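Peer 1: please work out how this folds:
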Amino acid sequence: MDAEAALLDKEIQRINQILQETTKDKNKIELEAGRDKAELEEKNLFSNKTNGDLIQANKKFQQLKKRYDLLKESLDLLKGGMVRADVTTFGQN
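Peer 2: Model (predicted):
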């Protein structure tokens, strides 16, 4: 009986050691997961800010392009008017 009790005691000690190691590993994994989650949340905030900045920059670009197109159109009209003025005044000097 003593041999059986010693064998059971040894098995219980081995199981306790495995349980302690498993608990230690679990705690380590939970800590790493917490860090990863915090990093992901930080990157999501940055990504949302960057995305917002990109949307604003795109809106500004569209406004500037529209203004450029209007100015180019006006310049083309002015150039066309100057050409017509040159043709109509040619030889009148």
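
Peer 1: show me where this structure has helices.
Peer 2: Secondary structure of the chain (DSSP state H): helices located at 2-89.

Peer 1: tell me the pLDDT of the residue nearest in space to the middle of it.
Peer 2: A centroid search over the chain (C-alpha atoms, centre = their mean) returns residue 47, at 3.0 Å, as the residue closest to the centre. In this model, residue 47 is scored at 89, pLDDT.

Peer 1: likewise residue 93?
Peer 2: 53.

Peer 1: picking up where we left off before, quick one, what contacts the residue nearest to the centre of the chain?
Peer 2: Neighbouring residues of residue 47 by C-beta atoms under 8 Å, 6 or more residues apart in numbering: there are none. C-betas here are computed from N, CA, C, even on glycine.

Peer 1: quick one: it from residue 40, how far?
Peer 2: Counting by C-beta to C-beta, to the nearest Å, the separation of residue 47 from residue 40 is 10 Å.

Peer 1: now swap in residue 74 and tell me
Peer 2: Applying C-beta to C-beta, one obtains 50 Å for the distance of residue 74 from residue 40.
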